[in-house]
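S.K.: Model the structure of this input:
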Amino acid sequence: ATQFFTITEDWMYDATANQLQDGTDNKLMGEVSVDDEELKLLKPAAGWYITLEDTGEKALSTPLAIEGRAFVTTFIPLTNRTDANNCPIAHDGNGRIYALDIEGGMAVTDWDSQTGDPTDDLDDLNKANRKKDLGLGIPASPEALFRPDGVSVLTTDDGSAEVLEDKFSLPKSRIYWIEE
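M.R.: The predicted model follows:
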């Protein structure tokens, strides 16, 4: 017999505080240093989640998973203003993007880098490095852009496109499956 069930937050690891990365008893998990005690809590869980911390912040678009990272855009309304249909006014808030490790929700990009290179200082990542403010309005879904010189992630920033990450070691071209 087939059974259906719901995975609840009780079954998942709460990665909101980023204790995997910001903890004190660290060892390496792939390329990221993690707290060993927190890793013991993550392993038996049915996944992980983070709680969006700004009032009213919500994910409104499709996330992008690429090279072990999840990119998720969110919208933070500035006020509770609504239009005649009681819908939030789209430009009345700010966009944000998160770059998260798929395995544990940790920071994978240094958007606070002093050099402007988001891959410059990956040894000192912390909770603050998981997100980047994009500007006014609801941001579009992050997209993978395959270019001759590499693969980039881009989304909107105040109505114009912005390349957010382009240091992927992925193939420089798409691979297609053809079945004959």
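
S.K.: Report how many residues lie close to K127.
M.R.: Using other Cβ atoms under 10 Å, K127 has 18 other residues around it. Where you see a C-beta, it was placed from the backbone N, CA and C, and this is true even at glycine.

S.K.: correct me, but it touches A107?
M.R.: Yes. Look at K127 against A107 with Cβ atoms under 8 Å: they come within range, at 6.8 Å.

S.K.: contacting residues around Y49?
M.R.: E9, M12, Y13, D14, A15, T16, G105 (Cβ atoms under 8 Å, 6 or more residues apart in numbering).

S.K.: Among the residues you listed, find me the one that's closest to L154.
M.R.: The closest of those to L154 turns out to be G105 (Cβ to Cβ; 22.4 Å).

S.K.: Nearest residue to the closest one in space, please, no chain neighbours.
M.R.: A15 (3.2 Å; Cβ to Cβ, 6 or more residues apart in numbering).

S.K.: count of neighbours near the one you found?
M.R.: Neighbours of A15 (other Cβ under 10 Å): 24.

S.K.: Wait, L41 touches Y13, no?
M.R.: Yes. Under the criterion of Cβ under 8 Å, L41 makes contact with Y13 at 5.9 Å.

S.K.: more neighbours, the two?
M.R.: Shown here are L41 and Y13; by other Cβ under 10 Å, Y13 has more neighbours (22 against 14).

S.K.: Quick one: residues contacting that one.
M.R.: Y13 neighbours (Cβ under 8 Å, 6+ apart): L41, L42, A45, G47, W48, Y49, G104, G105.

S.K.: Specify the local secondary structure of the first one.
M.R.: Put plainly, it is L41. helix (DSSP: H, G, I helix; E, B strand; the rest coil).

S.K.: average model confidence for stretch 125-144?
M.R.: The average pLDDT within stretch 125-144 is 85.

S.K.: quick one: low-confidence ranges for the chain?
M.R.: When residues are selected by pLDDT under 70, those of the chain lie in 1, 20-36, 38, 79-91, 112-124, 157-159, 165-174.

S.K.: which residues in this structure form strands?
M.R.: Remark: strands assigned in the chain by DSSP state E are 13-14, 26-29, 32-35, 48-49, 58-59, 64-66, 69-77, 93-101, 131-136, 143-147, 150-157, 160-165.

S.K.: Which one of the ones you listed lies nearest to F4?
M.R.: Short answer: strand 48-49, nearest of the strands of the chain by Cβ to Cβ, at 20.6 Å.

S.K.: quick one: strands adjacent to that closest one?
M.R.: strand 13-14 (parallel) (DSSP bridges).

S.K.: related to what we said a few turns ago, among the contacts of Y49, name the buried ones.
M.R.: The neighbour count (16 or more other Cβ atoms under 10 Å) marks Y13, A15, G105 as buried among the contacts of Y49.
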